[in-house]
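Peer 1: Here's my sequence, what's the structure:
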Amino acid sequence: MKLLPTLFAGAALVLSAVTAQAEVRFGVMNESYPPFFAKDASGQWQGWEIDLMNAVCEEMKEKCSIVDISWDGLIPALQSKKFDVIWSSMSNTAERSKVIDFTDKYYNTPSTLIGPKDQKPGATAEDVKGKTIGIQVSTIQSEYYKKYFAGAAEEKTYQTLDEAFQDLASGRIDYVFGDSLALDAFLKSDGGKDCCAKAGDVADDKEILGAGVSGGLRKEDTELKAKLNAAIAAVRANGQYDAITKKYFDFDIYGAK
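Peer 2: Next up, the predicted model:
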């Protein structure tokens with residue numbers, strides 16, 4: 001009989017391990033990125049991408065959790081198995097696909113320049129000549145800058161977009177370059193609506209800007225990729241995707257480019 005506690009303890013450990021393995025951990029950037037994800041006053045994550053994650057998890061019949069990591073630490077953290085899927089407005093690009101895999105696209109929007117309201121509109125190298133552009137580190141916009149704007153304008157990098165927005169509003173930089181929806185949210189905010197305006201969308205370059213935003217996965221996690229792709233497709237087919245999107249946007253963000 002003295003062996004029974006040991007046996008039960010062993011069984012409990014096995015059950016605990018199985019339970020832990022069943023949870024799908026979603027990696028999210030640890031800064032607010034409205035309207036896609038941000039923490040509310042109680043510290044709970046909310047936003048379009050969080051609502052979509054919840055719908056996808058329900059479709060997969062999986063328990064899911066969120067692990068927040070700095071933007072430039074997301075891929076290393078995925079590779080070191082701190083979580084299972086990047087779910088953080090990450091574009092599927094050829095460069096990133098060399099080291100990780102991606103799910104099917106779940107949204108796609110242009111890259112945009114914003115600047116002071118009195119700035120001349122335009123988003124070409126000629127338009128930004130002699131100016132300073134604020135860009136978040138390790139983004140597709142930083143790579144785009146290197147190819148198209150490096151000879152014309154100066155790049156100032158930031159760990160977060162919020163820092164870039166603050167410098168733009170105070171006149172320390174001339175532009176911020178990023179995803180159109182995140183920049184649009186700033187332009188509608190108290191901090192952005194009086195100072196700043198959209199300068200324009202940059203010309204597309206799919207090699208750099210990618211084929212849309214997708215979930216990032218380890219290359220060996222083919223079973224999880226198949227489950228996520230099936231769930232994304234189901235959520236789009238059953239109307240949940242449109243219902244979630246209408247809470248945040250008045251247009252279709254799935255195919256916008």
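
Peer 1: Break down this structure into its helices, ranges please.
Peer 2: 4-22, 48-60, 74-79, 140-148, 161-169, 180-188, 206-209, 222-237, 240-246 (DSSP state H).

Peer 1: And the ones you listed: which comes nearest residue 103?
Peer 2: helix 222-237 (4.7 Å; C-beta to C-beta). Backbone N, C-alpha and C define where each C-beta goes, glycine included.

Peer 1: if I read this right, residue 153 contacts residue 127, doesn't it?
Peer 2: No. Applying C-beta atoms under 8 Å as the test, residue 153 and residue 127 come out as separate, 9.2 Å apart.

Peer 1: For residue 64, give its distance to residue 104.
Peer 2: 18 Å (C-beta to C-beta, to the nearest Å).

Peer 1: next one: residue 201
Peer 2: Per C-beta to C-beta, residue 201 is found 24 Å from residue 104.

Peer 1: can you check residue 253 too?
Peer 2: 15 Å.

Peer 1: Compare those two and say which is more crowded by neighbours.
Peer 2: Neighbour comparison, residue 253 and residue 104: the larger count goes to residue 253, with 20 against 16 (by other C-beta atoms under 10 Å).

Peer 1: Okay, domains of the chain per the record?
Peer 2: What the TED database lists as the domains of the chain is 23-108+211-247, 111-201.

Peer 1: want to throw these into TSV with mean pLDDT?
Peer 2: As requested, those are arranged in TSV below (pLDDT from 0 to 100):
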stretch	mean pLDDT
domain 23-108+211-247	97
domain 111-201	97
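
Peer 1: show me what contacts the residue nearest the centre of the chain?
Peer 2: When C-alpha atoms, centre = their mean is applied to the chain, the residue found nearest the centroid is residue 89 (1.7 Å). Neighbouring residues of residue 89 by C-beta atoms under 8 Å, 6 or more residues apart in numbering: 29, 33, 36-37, 49, 179, 182, 213.

Peer 1: change it to 7 Å
Peer 2: 33, 36, 49, 179, 213 (C-beta atoms under 7 Å, 6 or more residues apart in numbering).

Peer 1: burial of the last one, as a residue count?
Peer 2: Other residues lying near residue 213 total 24 when counted by other C-beta under 10 Å.

Peer 1: next one: the first one
Peer 2: When neighbours are counted by other C-beta under 10 Å, residue 33 registers 24.

Peer 1: give the contact list for it.
Peer 2: Residue 33 sits in contact with 89, 182, where contact means C-beta under 7 Å, 6+ apart.

Peer 1: Recalculate using a threshold of 8 Å.
Peer 2: 47, 88-89, 161, 182.

Peer 1: Same check on residue 231?
Peer 2: By C-beta under 8 Å, 6+ apart, the contact set of residue 231 is 56-57, 59-60.

Peer 1: Leaving out the residues flanking it, which one is nearest to it?
Peer 2: Nearest non-adjacent residue to residue 231, counting by C-beta to C-beta, 6 or more residues apart in numbering: residue 59, 4.0 Å away.

Peer 1: Could you do residue 185 as well?
Peer 2: If the residues on either side of it in the chain are set aside, residue 185 comes closest to residue 34, at 4.8 Å by C-beta to C-beta, 6+ apart.

Peer 1: Hmm, residue 182 and the one you found touching each other?
Peer 2: Yes. Look at residue 34 against residue 182 with C-beta under 8 Å: they come within range, at 7.4 Å.

Peer 1: Please say which of those two ends up with more neighbours.
Peer 2: Neighbours were counted for residue 34 and for residue 182 using other C-beta under 10 Å; residue 182 has more, 20 against 16.

Peer 1: you'd agree the more buried one is up against residue 32?
Peer 2: No. Using C-beta under 8 Å as the test, residue 182 is too far from residue 32 to be in contact (9.8 Å).
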